[in-house]
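Chemist: just a sequence and a predicted model for now, questions to come.
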Amino acid sequence: MQVVEANGTYLNSRRDGTRGGPTVVFANALGTDLRLWDGTVAALPPGLDVLRYDTRGHGLSGAPEPPYAMADHARDLIGLLDAHGIDKAVVCGISIGGMIALQAALDAPERIVGVVAMDTGHKIGSADGWQQRIDSVLAEGLGKLADSIVLGWLSEGYRRDNPGAAQAWRHMIARTPDPRGYTGSCAALRDTDLTPRLSELRQPALVLCGSDDPSTPPDLNRALAGLLANARYREIADTKHLPCIEKPHEVAGLIAAFVQETTGG
Ligand SMILES: O=C(O)CC1=CCC(=O)O1
């Protein structure tokens, strides 16, 4: 655990792998934390400098007063790189983490040399839908939504074969006592549409999506890849919104190949 101050917020982070190797930074999904990447990071080949963090209001990081903008999240990420003395990195983000990665690549192109955008979109859901989620969480907490969220995260096959892990992931969201980080990030999702800026993004990108993702479906991710100048799209078969949990080895292989191609490292 390494807590750093970035953009005025304490961010919990963890650095593994090889200093001096190409850096890849991982950004988590809504309602999760850096443990989301445990399986993926363990399956990466040696030689990469691997940094993960809890996005603001998630895990052990600080939760500034909501609402948040996606640009706040992106500034956090760049501040995290500064705090760790990292000049350039590939960013891999999932769901809202994918949007954070895209926003950071747009806002600080000199720092972000490539993007892996997983199960995300240039615009996710509708403003009304996110506002309803905010209102529901503020009124009743996250416990009530946990079952339906986990059904969207993990395939039936994974839940059947890994009941203990599926329950643990459910606990991650249901046992979030302070809803501010969650609702603040829902506001960022509510207010973000990256469509008009996507053509500015020149860095190489890899867009990944679970074949059965109900939240940010393959069509959305394919469209995102199509709007980027230099992107490839790949689907992870038989997975839902969080393929990094369901198929960490496949995800790690795709990320490692992309990082190698992008950085020559
Ligand atoms: O929690 C969800 O409903 C799925 C999701 C969409 C954006 C994100 O970060 O998570």
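Modeler: Structure received. Owing to the predicted nature of the structure, the values given are computational and were not obtained by experimental measurement.

Chemist: could you pull out the helices for the stretch 101-250 of the chain?
Modeler: Along the stretch 101-250 of the chain, counting by DSSP state H, counting those that start in this stretch, helices occupy 127-140, 143-153, 156-161, 163-174, 180-191, 218-227, 243-246, 248-263.

Chemist: what about residue 47, how many neighbours?
Modeler: By the criterion of other Cβ atoms under 10 Å, residue 47 has 14 neighbours. Any C-beta I mention is one placed from the backbone N, CA and C, and that applies to glycine too.

Chemist: what residues are up against the spatially closest residue to residue 253 that is not a sequence neighbour?
Modeler: Computed as Cβ to Cβ, 6 or more residues apart in numbering, the closest residue to residue 253 that is not its neighbour in sequence is residue 43, at 7.5 Å. Going by Cβ atoms under 8 Å, 6 or more residues apart in numbering, residue 43 touches 248-249, 251-253.

Chemist: what's the answer for residue 125, then?
Modeler: Counted by Cβ under 8 Å, 6+ apart, residue 125 has contacts 189, 215.

Chemist: for the ligand, see how far away it is.
Modeler: Separation of residue 125 from the ligand (Cβ to the nearest ligand atom, to the nearest Å) stands at 7 Å.

Chemist: which pLDDT does the model give that residue?
Modeler: Here, the pLDDT recorded for residue 125 equals 97.

Chemist: all further residue positions should be reported with the first residue as 47.
Modeler: With 47 as the first residue, the last one maps to residue 171.

Chemist: tell me which parts of the stretch 147-296 of the chain are close to the ligand?
Modeler: Contact residues (Cβ under 6 Å from any ligand atom) of the stretch 147-296 of the chain with the ligand: 170, 195, 198, 235, 261, 287.

Chemist: distance to residue 209 and neighbour count added to these, as JSON lines?
Modeler: What follows is those, written out as JSON lines (distance: Cβ to Cβ, whole Å; neighbours: other Cβ atoms under 10 Å):
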{"residue": "170", "distance to residue 209": "29", "neighbour count": "22"}
{"residue": "195", "distance to residue 209": "17", "neighbour count": "21"}
{"residue": "198", "distance to residue 209": "17", "neighbour count": "14"}
{"residue": "235", "distance to residue 209": "30", "neighbour count": "22"}
{"residue": "261", "distance to residue 209": "22", "neighbour count": "20"}
{"residue": "287", "distance to residue 209": "19", "neighbour count": "29"}
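
Chemist: wait, which of the residues you listed is closest to residue 111?
Modeler: For those, the closest approach to residue 111 (Cβ to Cβ) belongs to residue 235, at 17.5 Å.

Chemist: now that closest one: how far from residue 218?
Modeler: 18 Å (Cβ to Cβ, to the nearest Å).

Chemist: may I see the buried residues of stretch 252-268?
Modeler: Buried residues in stretch 252-268, defined by neighbour count with 16 or more other Cβ atoms under 10 Å: 252-256, 258-259, 261-264, 266-267.

Chemist: check stretch 60-75 too.
Modeler: So, applying 16+ other Cβ under 10 Å, buried residues of stretch 60-75: 60, 63, 68-75.

Chemist: pick out the most distant pair among those residues.
Modeler: Within the buried residues of stretch 60-75, 68 and 75 form the most distant pair, 23.5 Å apart (Cβ to Cβ).

Chemist: residue furthest from the geometric center of this structure?
Modeler: The outermost residue of the chain, judged against the average C-alpha position, is residue 185 (26.0 Å), by Cα atoms, centre = their mean.

Chemist: could you tell me the model confidence score at that residue?
Modeler: Per-residue pLDDT puts residue 185 at 94.

Chemist: okay, now residue 186: neighbour count?
Modeler: Neighbours around residue 186, by other Cβ under 10 Å: 11.

Chemist: again, but for residue 109
Modeler: That count, for residue 109 with other Cβ under 10 Å as the rule, works out to 19.

Chemist: that one in helix, strand or coil?
Modeler: Look at residue 109: counting by DSSP: H, G, I helix; E, B strand; the rest coil, its state is coil.
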